[in-house]
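**Student:** Based on what follows, work out the 3D shape:
(chains A, B, C and D)
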Protein chains: 2
Amino acid sequence: MPADLHTELHGVVAERLQGREQRYTANRRAVVEVLASTDRPLTIQQLLDRADGLPQSSAYRNLTVLEDTGVVHRVAGSDEFARFELAEDLTDHHHHHLICSACGSIEDFTVGAELEKTIEETLDRAATEAGFQVDNHRLDLVGHCRRCA
Amino acid sequence: MPADLHTELHGVVAERLQGREQRYTANRRAVVEVLASTDRPLTIQQLLDRADGLPQSSAYRNLTVLEDTGVVHRVAGSDEFARFELAEDLTDHHHHHLICSACGSIEDFTVGAELEKTIEETLDRAATEAGFQVDNHRLDLVGHCRRCA
DNA sequence: ATTTATGCAAATCGTTTGCAAACCT
DNA sequence: AGGTTTGCAAACGATTTGCATAAAT
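**Tutor:** The predicted structure follows:
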């Protein structure tokens, strides 16, 4: 990630936290830092491995705050581990996931803008008719990654 | 569910289990029965409430077997509870889910066949290029149900 | 008869929480 | 100072498992 985008990211996160009376502490910065440096959602363990010295409980607590603030997004995979990524509006990178049901890994993945638009509009219309208010969609592909195929 | 489809369902499940050296016991039948009688994925607790006398550990163990055998499908929601539904090829009912992030409820939901086909083909093509073998897709809408809106 | 499923209770493990010390404003 | 976050360790709760008994083949 380029230095300027990087700085910008922290600025936006700080604002978003302050708007909810939350502080942008060193630990929280570390979590955001790690999540910004990868191309896929991370488990708590992966996050701890990459954020040296971060205690487990702080990871959990800060991820909760960051999720409530809309900075981080929780991704449900096929295994028992929760995974986290930066919210899409912070990365400007709308994407989906390739979930390997063999090893549990999750990879990012995008589809063309036209299909994306069609999907979004159609789903939204159908859901609204069902009395459901859509906040976002979750379009994931479950299967086998290159290594597990 | 009509009586004949019902009988047919048990026949198919029995075959599928036997093909994997598994028995179609009373408990397993009860689990399938309950899942067939509802229009949405159920949590373990909901399943236990509807299958009188079924011990919790048997529910877990049998759901594992039924999932491994492809009879039952696990659905990840927005809360901490695993939910289960019959596999789509047993019900002939390809559908998606409306997940309420407020109360955690999950409702079934379908979209038109044309969009479904477009989505499937496009995703499959894109994923294959990424070296990923797609088994199925997961297209869920996250938002607020009528009661929680 | 032999293998597999059951049911209870105990263990497991990811996640949450109480509390006193460290930190930010 | 006054409130928040931290870090450790203990608690929690959904899920799993050991083991003796019952059921299925």
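
**Student:** When you work out contacts or count neighbours from here on, use the C-alpha atoms and nothing else.
**Tutor:** Will do.

**Student:** can you pull the buried residues of stretch A:92-109?
**Tutor:** For stretch A:92-109, a neighbour-count test (16 or more other Cα atoms under 10 Å in any protein chain shown) marks A:96-101, A:104-107, A:109 as buried.

**Student:** now, which of the residues you listed lie within strands?
**Tutor:** Among these, DSSP state E puts A:96-100, A:106-107, A:109 in strands.

**Student:** Those: which ones sit near chain B?
**Tutor:** Restricting those to those near chain B by Cα under 8 Å from any Cα of the partner chain leaves A:98, A:109.

**Student:** All the helices of chain A, residue numbers only.
**Tutor:** A:3-18, A:26-36, A:44-50, A:56-68, A:88-91, A:113-129 (DSSP state H).

**Student:** okay if I get those helices as TSV plus distance to chain B, mean neighbour count and mean pLDDT?
**Tutor:** As requested, the helices of chain A are exported to TSV (distance: least, Cα to the nearest Cα, whole Å; neighbours: other Cα atoms under 10 Å in any protein chain shown; pLDDT from 0 to 100):
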stretch	distance to chain B	mean neighbour count	mean pLDDT
helix A:3-18	21	14	83
helix A:26-36	21	18	96
helix A:44-50	16	16	95
helix A:56-68	12	16	95
helix A:88-91	15	13	90
helix A:113-129	7	14	88
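
**Student:** Now distance to DNA strand C too, for those helices, in a markdown table please.
**Tutor:** Formatted as a markdown table, the helices of chain A follow (distance: least, Cα to the nearest atom of the strand, whole Å):
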| stretch | distance to DNA strand C |
| --- | --- |
| helix A:3-18 | 9 |
| helix A:26-36 | 7 |
| helix A:44-50 | 5 |
| helix A:56-68 | 4 |
| helix A:88-91 | 21 |
| helix A:113-129 | 29 |
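
**Student:** can you put those in CSV and add distance to B:Arg28?
**Tutor:** Converted to CSV, the helices of chain A look like this (distance: least, Cα to Cα, whole Å):
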stretch, distance to B:Arg28
helix A:3-18, 49
helix A:26-36, 42
helix A:44-50, 35
helix A:56-68, 37
helix A:88-91, 42
helix A:113-129, 34
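
**Student:** interface residues of chain A facing DNA strand D?
**Tutor:** A:22-23, A:25-28, A:54-55, A:57-58, A:61-62 (Cα under 7 Å from any atom of the strand).
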